[in-house]
Structures are given as structure tokens and as C-alpha cells.
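1. Attaching a predicted model along with its sequence, questions to come.
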Amino acid sequence: DQVWAFRSRCAAGLETFLLSWVSALAFLQLVAALIVAIVSESIAQSAQEQARSPVVAALDELGAKNTRRILQSHEWWRLLTPMLLHVGWSHLLCNLLVQLRTGLVLELYWGHGTFLLIYAASGAYGFLASCVLLPDTLGVGSSGALCGLLGAWLSFIFIT
């Protein structure tokens, strides 16, 4: 009877995880990392990108924060897409560890909509600040979104 109860709790936990924004974002980030690897390899094999490394060119083509393209070409979606892109597997792994461990707990506390709103708004604000402070650099990663979640969590702790 205890084994059955344990299995039921595990199944419910797995279902909660699989139906969360945290797992959906993690999956999208893993897919984006594979796409970056494939695109950068094809760029490296073709001689069209001589000035930049193939990874930088791939990240820029796939939606990295590029202030010039945001302002001149009105590519405002570049404030959100960099959250899915990462420079290398170690960068992705570190962000995913924090996102999966902390994000799932916060999503359960706050609900799906609130979690996604805080995550997306924090990430977009982080890249907007990066446009102002570092306009000549490309930017990728979900660190701004994760820092926003941690800041919101700190506020949540003080309020409740």
C-alpha cells in the first residue's frame, strides 16, 4: 500500500513537472542549443562569415540581443528570443540547473501565468538594460530572467 502511494506521488510530481512552463522553457532552450550548433557548423563550412566566429554569427541570426537590429530594423522580438539562446553547453547547463530547481518551486507557488510573466518581463528588461549599457555587444542567456525570478522570490518572502 505504501509502495502504491509512493508511485502515485511520483506520477503526480512528474505530471506537474511536464506540464510546467519551467520544463517547456528548458526543452526550448535545449532545442535552441542544438539549432545553434547545427547553424554554426553550416556557417563554419561556408565561407560567407569571415569577420565573426560561426557561433556568434549563428546566435545573431537566431535572435541574439543586437541593439542595432532592434532599433534600426525594429526587431523587438530580440528582447525575448535571447533567453532561449546560450553560448555553449556549460552556459546552458548552469542556467538550466537554476531554472529547473528554483523555477519549478516558484511556478508551483505563484501559478503558471504569474511565473511566466515574471520570467519574460525580467528577461526582456535585462536585455533592454543591456541595450542601453552595452549597445555594441550581442547578448544571450536566461540569467536576467532568472535573476528577476530570484528578486521576485525575495520580495515574496518579505511580504508573506
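-> Nice, I can see it. Numbering: from 1, shown residues only.

2. Let me see the mean pLDDT of the longest helix anywhere in the chain.
-> Longest helix of the chain, by residue count under DSSP state H: helix 21-45. Mean per-residue pLDDT for helix 21-45: 90.

3. and stretch 119-137, which residues are buried?
-> Within stretch 119-137, the residues scored as buried using 16 or more other Cβ atoms under 10 Å are Tyr119, Ala120, Ser122, Gly123, Ala124, Gly126, Phe127, Leu128, Ser130, Cys131. From N, CA and C alone the C-beta is placed, and that goes for glycine too.

4. and those as a markdown table, adding pLDDT, secondary structure and distance to Glu41?
-> Converted to a markdown table, the buried residues of stretch 119-137 look like this (pLDDT from 0 to 100; DSSP: H, G, I helix; E, B strand; the rest coil; distance: Cβ to Cβ, whole Å):
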| residue | pLDDT | secondary structure | distance to Glu41 |
| --- | --- | --- | --- |
| Tyr119 | 97 | helix | 30 |
| Ala120 | 98 | helix | 30 |
| Ser122 | 98 | helix | 32 |
| Gly123 | 98 | helix | 27 |
| Ala124 | 98 | helix | 30 |
| Gly126 | 97 | helix | 29 |
| Phe127 | 97 | helix | 26 |
| Leu128 | 97 | helix | 31 |
| Ser130 | 97 | helix | 27 |
| Cys131 | 97 | helix | 29 |
